[in-house]
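Visitor: Generate a structure from the sequence data that follows.
(one chain, ligands or ions: 1)
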Amino acid sequence: MAEQALIALESVGLRYGALEALRAVNLSIVPGECVAFVGANGSGKSTLLRVLHGLLAPSAGVRRQREALDGRPLRFAMLFQRPFLFRLSVQANVRLGLWLGGVRGEEAKVRSAQALQRVGLAAEAARPARALSGGQQQRLALARAWALQPDVLLLDEPTASLDPSAKREVENLLAEFAMQGMTLLMASHNLGQVKRLAQRVVYLEHGRVLADVPAAQFFEGVALPPEAKLFLKGELPW
Ligand SMILES: Nc1ncnc2c1ncn2[C@@H]1O[C@H](COP(=O)(O)OP(=O)(O)OP(=O)(O)O)[C@@H](O)[C@H]1O
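Guide: Numbering: from 1, shown residues only. Now for the predicted structure:
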């Protein structure tokens, strides 16, 4: 494992029964980077995020994870296309997230207020979470994740079901989190978004990593395997 890597996968494979969803994946995640995982439906992006998170154990190969700089275990948070929210108030959703993460009492109160402020939902704190718009719900999910101050935030199509202005709001928040030094790992079909946020692009096909390059190089199509070039062509214009 490279000295500075937070998470490293070495020859990782993952099977769902007979289906090989990931094959011989080698990947090293450096602190503070924003990595986008792209590829066709079923190429393995969500599976790879789950393996990076540690939610799914590899069927082959090894996953390693470093400790945070202060010696505690790394903290992970994950966001999905459709936020998973409890039938509670906006504020209670964040508080519950903190409670589950071991943060209690006054600190939970302060952090939850800060998180809602951060995503522009302070005025909605007492409303039922399910009464929010789709964009607001995703911002609430982001607030809940941010309140836990994760080292690594994993995002599975975080804006796929949002309208353009809500997409932009979520993207702006993600850009701010990245500026703070949070490591962002994101599966996205939105190449415009990938271009705006990611420094590095990992292209997957049938569970294999066919390209792992700086974002600029990916979008220029420089030194990419033909499959990745075709994908890029097929997805344009975004
Ligand atoms: N729980 C599961 N059980 C069985 N097969 C699964 C399971 N989850 C995913 N798969 C299969 O594994 C492969 C990879 O799926 P995965 O969801 O990781 O791809 P993806 O790139 O995220 O796709 P999408 O862009 O559609 O979200 C697909 O063939 C999928 O059908």
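Visitor: contacts for the lengthiest helix in the chain?
Guide: Counting residues, the longest helix found in the chain (DSSP state H) is helix 164-179. Helix 164-179 has contacts (C-beta atoms under 8 Å, 6 or more residues apart in numbering) with 32, 34, 118-120, 133-136, 138-139, 142, 146, 153, 155, 158-159, 162, 184, 186, 190, 193, 196-197. Any C-beta I mention is one placed from the backbone N, CA and C, and that applies to glycine too.
Visitor: I'd say residue 20 and residue 12 touch.
Guide: No: the criterion here is C-beta atoms under 8 Å, and residue 20 misses it with residue 12 at 11.3 Å.
Visitor: the more surrounded of these two?
Guide: Set side by side, residue 20 and residue 12 show more neighbours around residue 12, with 24 against 17, by other C-beta atoms under 10 Å.
Visitor: who touches that one in this structure?
Guide: Residues near residue 12 by C-beta under 8 Å, 6+ apart: 22, 24-27, 51, 58, 60-63.
Visitor: Helices of this structure, start to end?
Guide: Ranges of helices in the chain, per DSSP H, are 45-53, 90-100, 105-118, 134-147, 164-179, 191-197, 215-220, 226-235.
Visitor: Buried ones in the longest one, by neighbour count?
Guide: Burial within helix 164-179, assessed by neighbour count using 16 or more other C-beta atoms under 10 Å, is assigned to 166-167, 169-171, 173-174, 177-178.
Visitor: now stretch 54-65: how far from the chain's centre is it?
Guide: How far stretch 54-65 lies from its chain's middle: 17 Å, per C-alpha atoms, centre = their mean, to the nearest Å.
Visitor: buried stuff in that stretch?
Guide: So stretch 54-65, judged by 16+ other C-beta under 10 Å, has buried residues 56, 58, 61, 63, 65.
Visitor: Over to stretch 203-223?
Guide: Of all the residues in stretch 203-223, those buried under the rule 16+ other C-beta under 10 Å are 203-205, 207-213, 215, 218-219.
Visitor: Quickly check those residues for the two that are furthest apart.
Guide: Spanning the widest gap among the buried residues of stretch 203-223 are 207 and 219, at 23.6 Å by C-beta to C-beta.
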